[in-house]
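> Take this sequence and fold it.
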Amino acid sequence: MPDSAAPLAIVSPRRNLVLLLVACIVFTVLGVVILILAPTKTLNVVVGSGAVAFFGIGGGTAFVTQWRRTHVITADDDGIRFGEGGRIQWKDVDRIGSTTELLGIRLRRYDAFLDSTPRSAGHTAESLRASRTTNSGWDLVWPRRLLDRTPGEAARDLQRRRPAA
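Numbering: from 1, shown residues only. As a prediction, this is how the structure comes out:
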């Protein structure tokens with residue numbers, strides 16, 4: 001049996017996360033400088049410790065968590081998996097396409113996708129039908145700002161990753 005192709009990962013742009021990291025580092029360093037310059041003044045201890053805790057610890061944790069969650073779409077031999085937890089088998093994918101601002105997937109049937117999706121994602125058969133009527137015939141859509149490539153390139157890459165029937 002031949003080796004299957006590597007999974008295709010479409011991720012959200014990480015530029016904003018890098019900017020978040022830089023801002024957190026700057027404010028953490030400023031908090032440390034405040035603590036070093038006047039460690040005996042109560043206000044400096046409160047402000048410096050708060051900056052280190054909020055931006056250093058909290059910002060670092062937020063950065064790592066968000067970096068891990070940036071996979072929007074992953075396609076492999078079995079189907080397409082989404083960041084929010086849903087999964088579609090290739091046999092349930094009717095079409096993949098795009099507009100200038102959206103990547104879209106049209107489903108043949110909803111039941112397997114809805115069974116694999118957590119309730120917190122907010123997908124129902126009614127919401128998918130409503131999406132189809134409002135989003136150029138696509139049941140599931142992703143705006144360009146959430147993709148690391150243009151919607152057209154993402155659609156072509158997903159089509160290429162689709163196994164031959």
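> Only C-alpha atoms from now on, for both contacts and neighbour counts.
Fine.
> Can I get the top helix by length along the chain in CSV, CA atoms only?
Scanning the chain for the longest helix, with DSSP state H as the assignment, gives helix 15-37. Extracted C-alpha coordinates of helix 15-37, given in CSV (Å, rounded to 0.1, in the frame of the first residue of the first chain):
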residue,chain,number,x,y,z
ARG,A,15,1.3,37.8,12.8
ASN,A,16,-1.1,39.1,15.4
LEU,A,17,0.1,36.5,17.9
VAL,A,18,3.7,37.5,17.4
LEU,A,19,2.7,41.2,18.0
LEU,A,20,1.0,40.0,21.2
LEU,A,21,4.2,38.3,22.3
VAL,A,22,6.3,41.4,21.6
ALA,A,23,3.9,43.6,23.6
CYS,A,24,3.9,41.2,26.5
ILE,A,25,7.7,41.0,26.6
VAL,A,26,7.9,44.8,26.5
PHE,A,27,5.5,45.3,29.4
THR,A,28,7.1,42.4,31.4
VAL,A,29,10.5,44.0,31.0
LEU,A,30,9.1,47.4,32.1
GLY,A,31,7.6,45.7,35.2
VAL,A,32,11.0,44.2,36.0
VAL,A,33,12.7,47.6,35.5
ILE,A,34,10.2,49.2,37.9
LEU,A,35,10.9,46.6,40.5
ILE,A,36,14.6,47.0,40.1
LEU,A,37,14.6,50.8,40.3
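> Now do the buried residues in the very next helix or strand once past it.
Once helix 15-37 ends, the next helix or strand along the chain (criterion: DSSP states H and E) is helix 42-51. For helix 42-51, burial by neighbour count (16 or more other Cα atoms under 10 Å) applies to Asn44, Val45, Val47, Gly48, Ser49, Ala51.
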